[in-house]
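>>> missing the sequence, but the structure's below:
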């Protein structure tokens, strides 16, 4: 169902305000998810998964359970590393160390609008 003209204008205003208040977040949210894949992470992850498979097969061949389990863990870690997004891995560490920001004016205005709508309904 297409948006009405009023809804389209409201959406454009919200996007404009978001870009003004927090351009970094707006660019992150507006980016194409395919572009955020890191080729380096995919290649290293695939190589790790292959090494894990080989280690698992070696462990089964020589009947060494710890080696097989280690191979399985390495294989799983390689797949996990390959599926990480490039920006998510590097930004995750920075986000944990930083303090929480106060609410932006964009979020405040959204909350005010929500409260007004709730009051109008009652």
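Noted; the coordinates are in hand. Quick caveat, the model's predicted, so the values are computed rather than measured.

>>> from here on, contacts and neighbour counts on C-alpha atoms
OK.

>>> which helix is the longest one in this structure?
For the chain, the helix reaching the highest residue count under DSSP state H is reported as helix 39-61.

>>> pull out the buried residues from it.
Neighbour-count burial for helix 39-61, with 16 or more other CA atoms under 10 Å as criterion, is recorded at 41-42, 45-57, 59-60.

>>> let me know the next secondary structure element after the lowest-mean-pLDDT helix or strand in the chain.
Least confident helix or strand of the chain, by mean pLDDT, DSSP states H and E, is helix 86-97 with a mean of 48. Secondary structure here is assigned by DSSP states H and E; on that basis, the next helix or strand after helix 86-97 toward the C-terminus is helix 105-121.

>>> who does that next one touch, helix- and strand-wise?
helix 5-21 (3 or more CA pairs under 8 Å, 6 or more residues apart in numbering; DSSP states H and E).

>>> can you list the buried residues in the helix it packs on?
residue 18.

>>> outside of that helix, which residues touch it?
Applying CA atoms under 8 Å, 6 or more residues apart in numbering, the external contacts of helix 5-21 come out as 26, 27, 104, 105, 106.

>>> what does stretch 67-79 give?
Residues beyond stretch 67-79 that count as contacts (CA under 8 Å, 6+ apart) turn out to be 44-60.

>>> chain center to that stretch, what's the gap?
24 Å (CA atoms, centre = their mean, to the nearest Å).

>>> ok, now stretch 13-23?
20 Å.

>>> again with stretch 12-19
22 Å.

>>> what is the rounded mean pLDDT of that stretch?
The predicted model assigns stretch 12-19 a mean pLDDT of 83.
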